[in-house]
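Participant: here's my sequence, what's the structure:
(chains A and B)
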Amino acid sequence: KNEVEQSPQNLTAQEGEFITINCSYSVGISALHWLQQHPGGGIVSLFMLSSGKKKHGRLIATINIQEKHSSLHITASHPRDSAVYICAVRRSGGGADGLTFGKGTHLIIQP
Amino acid sequence: DAGVTQSPTHLIKTRGQHVTLRCSPISGHKSVSWYQQVLGQGPQFIFQYYEKEERGRGNFPDRFSARQFPNYSSELNVNALLLGDSALYLCASSLRGSKETQYFGPGTRLLVL
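Facilitator: Predicted coordinates for the structure are as follows:
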């Protein structure tokens, strides 16, 4: 079982819909990242969370540390939001400083 | 300011060859991490360097090595290439490490034939 699980793997929605992408993790963490990857490979950091909720424009990210769960929401979705959204965690408790990634959620917003 | 840069953008090698990939972090960033992303999968952690010292290594064989230079740029070296090494290699920089926002380069796409 992967340490970071995302759902759904694929999501197709109509423009304007409210989108939710979920991330569950099975290890203790000190930070959780939401990333966006467009075709061609470029990755952009959307949020970094260690608790609570963050909002940037139409994007909202929440995290529940006790339940080991995070969600990424997109309000008023637009075709330009079409991309792969990746959840990644930094483990707590020392050790290697690298991120552990989920497999990503492939989002398509149709006009 | 320039973002994270990587070179080359694309590379084709044959099995058994050696490859060197390069990464220049954002000015002022002292941490560089390397990731391998196989098609259809999430990235996998390879190495992290901070202040020229290795801070972490993922589950990759000894054929993979890296270093960070005094100007904080970094090289990833892969020896004895295998077909399975074909992937997108991503570099990310930050001020101090993965508890901070990561800035990713465009990646180097490596094809091993």
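
Participant: the least confident helix or strand in chain A by mean pLDDT - contacts with which helices or strands?
Facilitator: Every helix and strand of chain A was ranked by mean pLDDT, DSSP states H and E. The lowest is strand A:99-101, at a mean of 92. Judged by 3 or more CB pairs under 8 Å, 6 or more residues apart in numbering or on different chains; DSSP states H and E, the packing partners of strand A:99-101 are strand A:83-91, strand B:31-37, strand B:44-50. Heads up, the C-betas are built off the backbone N, CA and C, glycines and all.

Participant: now do it: everything it contacts.
Facilitator: Residues from elsewhere that reach strand A:99-101, judged by CB atoms under 8 Å, 6 or more residues apart in numbering or on different chains: A:3-4, A:25, A:27, A:33, A:86-91, B:33, B:35, B:42-45, B:98, B:102.

Participant: same check on stretch A:56-68?
Facilitator: For stretch A:56-68, the external contacting residues (CB under 8 Å, 6+ apart) are A:24-26, A:29, A:32, A:34, A:46-47, A:49-55, A:69-78, A:81.

Participant: what are the buried residues along that stretch?
Facilitator: For stretch A:56-68, burial by neighbour count (16 or more other CB atoms under 10 Å in any protein chain shown) applies to A:Leu59, A:Ile60, A:Ala61, A:Thr62, A:Ile63, A:Lys68.

Participant: take these and lay them out in JSON lines including distance to B:Pro106 and pLDDT.
Facilitator: Shown next, in JSON lines, are these (distance: CB to CB, whole Å; pLDDT from 0 to 100):
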{"residue": "A:Leu59", "distance to B:Pro106": "22", "pLDDT": "97"}
{"residue": "A:Ile60", "distance to B:Pro106": "27", "pLDDT": "98"}
{"residue": "A:Ala61", "distance to B:Pro106": "24", "pLDDT": "98"}
{"residue": "A:Thr62", "distance to B:Pro106": "30", "pLDDT": "97"}
{"residue": "A:Ile63", "distance to B:Pro106": "28", "pLDDT": "97"}
{"residue": "A:Lys68", "distance to B:Pro106": "32", "pLDDT": "96"}
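
Participant: now secondary structure too, for these, in CSV please.
Facilitator: Converted to CSV, these look like this (DSSP: H, G, I helix; E, B strand; the rest coil):
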residue, secondary structure
A:Leu59, strand
A:Ile60, strand
A:Ala61, strand
A:Thr62, strand
A:Ile63, strand
A:Lys68, coil
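
Participant: could you export those residues to JSON lines, including columns for distance to A:Ile109?
Facilitator: Shown next, in JSON lines, are the buried residues of stretch A:56-68 (distance: CB to CB, whole Å):
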{"residue": "A:Leu59", "distance to A:Ile109": "13"}
{"residue": "A:Ile60", "distance to A:Ile109": "16"}
{"residue": "A:Ala61", "distance to A:Ile109": "18"}
{"residue": "A:Thr62", "distance to A:Ile109": "21"}
{"residue": "A:Ile63", "distance to A:Ile109": "24"}
{"residue": "A:Lys68", "distance to A:Ile109": "28"}
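
Participant: returning to what we had before: hmm, which of the contacts of stretch A:56-68 are the buried ones?
Facilitator: A:24-25, A:29, A:32, A:34, A:46-47, A:49, A:70-74, A:77, A:81.
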